[in-house]
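In: Here is the input, now give the coordinates:
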Amino acid sequence: MLSVLIAEDDLMIADMIEEILILHGYEVCGIARTVSEAVDIGRRCEPDLAVIDLRLADARLGTEIIYQLGAVSRPGVLYASANLSQVVLSCVDGDACLAKPYRFTDLLRGLQIVADIVATGTTASPLPHGLHVLGHAPIPFPTQLHG
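Out: Numbering: from 1, shown residues only. Take a look at the predicted model:
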C-alpha cells in the first residue's frame with residue numbers, strides 16, 4: 001500500500017482527497033495546510049507520494065516542501081493547483097502537475113502515473129485531462145502567483 005501526504009490549504013478539498021485515496025487503497029499519512037506542517041509530516045512518515053497544492057495557507061509555495069525534504073526523502077510529487085499557469089515547474093520540483101478543477105478519476109490516474117515515474121523513470125500510460133508530466137526543461141510560465 002502506497003502512503004500519500006496531502007498538502008492542501010482547503011480542508012474540504014483535503015478531506016475529499018483523503019477519502020477518495022483511502023477508498024482506492026492508499027494510506028494517507030497526513031494532511032498539511034502549511035509548508036512547515038507538510039515538511040514535519042514528510043520527515044516523520046516518509047510518504048511514497050504527495051499531492052501538493054502550489055499555494056498553501058501560510059502564503060508559501062508547495063514547491064518549498066520538496067526543497068526542504070531534500071532528495072533523500074523526496075516522495076513522488078503530483079501538484080494539484082488552479083495556479084499552474086502562473087509558476088515555472090520542472091522535474092526538480094516534482095513529477096507531474098494536475099490543473100484544478102479536476103475529476104477524482106484524473107487525480108487517481110495522476111498519482112498512478114507519478115508512482116510509475118518514481119518506479120521506472122517514465123510512464124507509458126495515457127495522460128488524463130489537465131495532467132502534465134514535468135520534464136527536465138521547465139514549463140515556461142510567469143513565476144509570480146497572483147491573488
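In: Report the buried residues of the helix ranked longest in the chain.
Out: If you go by DSSP state H, the chain has its longest helix at helix 104-120. By neighbour count with 16 or more other Cβ atoms under 10 Å, helix 104-120 contains the buried residues 106-118. C-betas here are computed from N, CA, C, even on glycine.
In: Looking at those, which is nearest residue 28?
Out: Checking the buried residues of helix 104-120 against residue 28 by Cβ to Cβ gives residue 111 as the nearest, at 11.6 Å.
In: can you pull the pLDDT of residue 50?
Out: Confidence at residue 50, expressed as pLDDT, is 97.
In: that older thread, now do the longest helix of the chain: everything it contacts.
Out: Helix 104-120 is contacted by residues 2, 4, 16-17, 20-21, 24, 26, 48-49, 51, 75-78, 80, 95-96, 98, 102, 122-125, 127-131, 133 when judged by Cβ atoms under 8 Å, 6 or more residues apart in numbering.
In: List only buried entries from these.
Out: Buried members of those, counted by 16+ other Cβ under 10 Å: 2, 4, 17, 21, 26, 48-49, 51, 75-78, 80, 95-96, 98, 102, 123, 128, 130-131, 133.
In: re the thing from before, the buried residues of helix 104-120 into JSON lines, with extra columns for distance to residue 31?
Out: What follows is the buried residues of helix 104-120, written out as JSON lines (distance: Cβ to Cβ, whole Å):
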{"residue": "106", "distance to residue 31": "20"}
{"residue": "107", "distance to residue 31": "15"}
{"residue": "108", "distance to residue 31": "17"}
{"residue": "109", "distance to residue 31": "21"}
{"residue": "110", "distance to residue 31": "18"}
{"residue": "111", "distance to residue 31": "15"}
{"residue": "112", "distance to residue 31": "21"}
{"residue": "113", "distance to residue 31": "22"}
{"residue": "114", "distance to residue 31": "18"}
{"residue": "115", "distance to residue 31": "20"}
{"residue": "116", "distance to residue 31": "24"}
{"residue": "117", "distance to residue 31": "23"}
{"residue": "118", "distance to residue 31": "21"}
